[in-house]
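>>> generate a structure from the sequence data that follows.
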Amino acid sequence: MTKSIVFPGQGSQYLGMGKHLYDNFSVSKRIFDEVDDALNIKLTEIIFGEKAEKLNLTENTQPAIMAVSIATLEALKKEKGIEINDFNFCAGHSLGEYSALVAAKSIKLSDAAKILKKRGQVMQNAVPIGQGAMAAILNIEVKDLEKFIEESKFLSIEISNDNCPGQCVISGKKEEIDNFVILIKNELKKKAISLPVSAPFHCKMMKPAADELEIFLKQFEISNPLIPIVSNVSVLPVNISSEIKKLLISCVYNRVRWREIVEFFKKNNITECIECGPGKALTNMFKRFEFDIKCVKIDNIEDIKNYV
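Next up is the predicted model:
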């Protein structure tokens, strides 16, 4: 069996995620403790707390999802005896790519926590709150959506996430996004949902954030991963550290090409995929493809026990 392992991105977070792992697996507790130490804050208290607004701050959300994803992986490895080398490919949705790199021993856990904290800060600060927006556009093919965006003459709007067949996300200036949502509903009768986000991620408005991240990344070492990472930007397997760093910077202001990553898995004969981390967003995306790749979510102790 050829297998891949994938890690979720922003939006998969929820209060209390990973608490069961923290309480029951010493290998998982060590992950949370190391992230707390690296950031010099009690991120675990935010994750396990009761204030969603704190967890949903991008600078907290990004390292939190990574921490839970790696804590989940460590528990799975301990209980089932699997290793990262058992997988042919590794990938992550946007910030999930950092979880993939930690899993593949390309970036140290503590470094990834610091990078993601900074990544969240610069992405949030790149565009003043209220000036950017995002919206999900459903039941339309990518090429048709691209054509409609071009014809609409809204110059700031880009497809920021190509998630799966019939599910895309757009980013841009708030006024243009708001008007585009009305336009596509009226003219194409498509479902469009404005998203409750604080900035327009994965579009050219994020270029200042990418420039800041590039400077920040210079202080960290990235090694060649143990298994190839399928990049969000290139949709190609990458195992050279210098190339990985360039792609991480580029990812900030470019489209997340998740649909194409899943298609890459299919072309390379992947038959099973594990989603390791909070929620089941990626597992649900897999279900929207016509071909059959078995995707198994691993989010809690029960999932780990049931995995064979």
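>>> domain ranges for this structure?
In the assignment given by automatic domain parsing, the structural domains of the chain cover 3-126+204-306, 132-194.
>>> which of these sits most buried?
domain 3-126+204-306 (a mean of 20; mean count of other C-beta atoms under 10 Å). All C-beta spots, glycine's among them, are computed from the backbone N, C-alpha and C.
>>> and the contacts of stretch 150-157?
Stretch 150-157 is touched from outside by 149, 170-173, 176-177, 179-180, 183, 203, 205, with contacts defined as C-beta atoms under 8 Å, 6 or more residues apart in numbering.
>>> ok, which pair from these is furthest apart?
Of all pairs drawn from the contacts of stretch 150-157, the one with the longest distance (C-beta to C-beta) is Leu183 and Met205, at 20.0 Å.
>>> CA atoms of the longest helix seen in the chain as PDB?
Ranked by residue count and defined by DSSP state H, the top helix of the chain is helix 58-80. C-alpha atoms of helix 58-80 as PDB (Å, rounded to 0.1, in the frame of the first residue of the first chain):
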ATOM      1  CA  THR A  58      -3.900  34.000  13.900                       C
ATOM      2  CA  GLU A  59      -0.700  34.300  15.800                       C
ATOM      3  CA  ASN A  60      -2.000  31.700  18.300                       C
ATOM      4  CA  THR A  61      -4.000  29.600  15.900                       C
ATOM      5  CA  GLN A  62      -1.100  28.700  13.600                       C
ATOM      6  CA  PRO A  63       1.400  27.400  16.200                       C
ATOM      7  CA  ALA A  64      -1.500  25.800  18.100                       C
ATOM      8  CA  ILE A  65      -2.700  23.700  15.200                       C
ATOM      9  CA  MET A  66       0.900  22.600  14.500                       C
ATOM     10  CA  ALA A  67       1.400  21.600  18.100                       C
ATOM     11  CA  VAL A  68      -1.700  19.500  18.200                       C
ATOM     12  CA  SER A  69      -0.900  17.900  14.800                       C
ATOM     13  CA  ILE A  70       2.600  16.800  15.900                       C
ATOM     14  CA  ALA A  71       1.300  15.700  19.400                       C
ATOM     15  CA  THR A  72      -1.300  13.600  17.600                       C
ATOM     16  CA  LEU A  73       1.400  12.100  15.300                       C
ATOM     17  CA  GLU A  74       3.700  11.300  18.200                       C
ATOM     18  CA  ALA A  75       0.800   9.400  20.000                       C
ATOM     19  CA  LEU A  76       0.000   7.500  16.800                       C
ATOM     20  CA  LYS A  77       3.700   6.600  16.400                       C
ATOM     21  CA  LYS A  78       3.900   5.300  20.000                       C
ATOM     22  CA  GLU A  79       0.700   3.300  19.900                       C
ATOM     23  CA  LYS A  80       0.900   1.900  16.400                       C
END
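>>> pLDDT averaged over the helix or strand following it - what is it?
Note on helix 58-80: by DSSP states H and E, the next helix or strand toward the C-terminus is strand 89-92. The average of the pLDDT scores along strand 89-92 is 98.
>>> which ones are touching Ala67?
18, 31-32, 35, 43, 47, 113.
>>> least trustworthy helix or strand in the chain by mean pLDDT?
Least confident helix or strand of the chain, by mean pLDDT, DSSP states H and E, is helix 52-55 with a mean of 93.
>>> show residues contacting that helix.
Contacts for helix 52-55 (C-beta under 8 Å, 6+ apart): 13, 15, 46-47, 49, 60-61, 64.
>>> can you redo these as CSV with distance to Ile129 and pLDDT?
Below are the contacts of helix 52-55 laid out as CSV (distance: C-beta to C-beta, whole Å; pLDDT from 0 to 100):
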residue, distance to Ile129, pLDDT
Gln13, 20, 95
Leu15, 23, 97
Ile46, 20, 97
Ile47, 24, 98
Gly49, 23, 96
Asn60, 16, 95
Thr61, 16, 94
Ala64, 21, 97
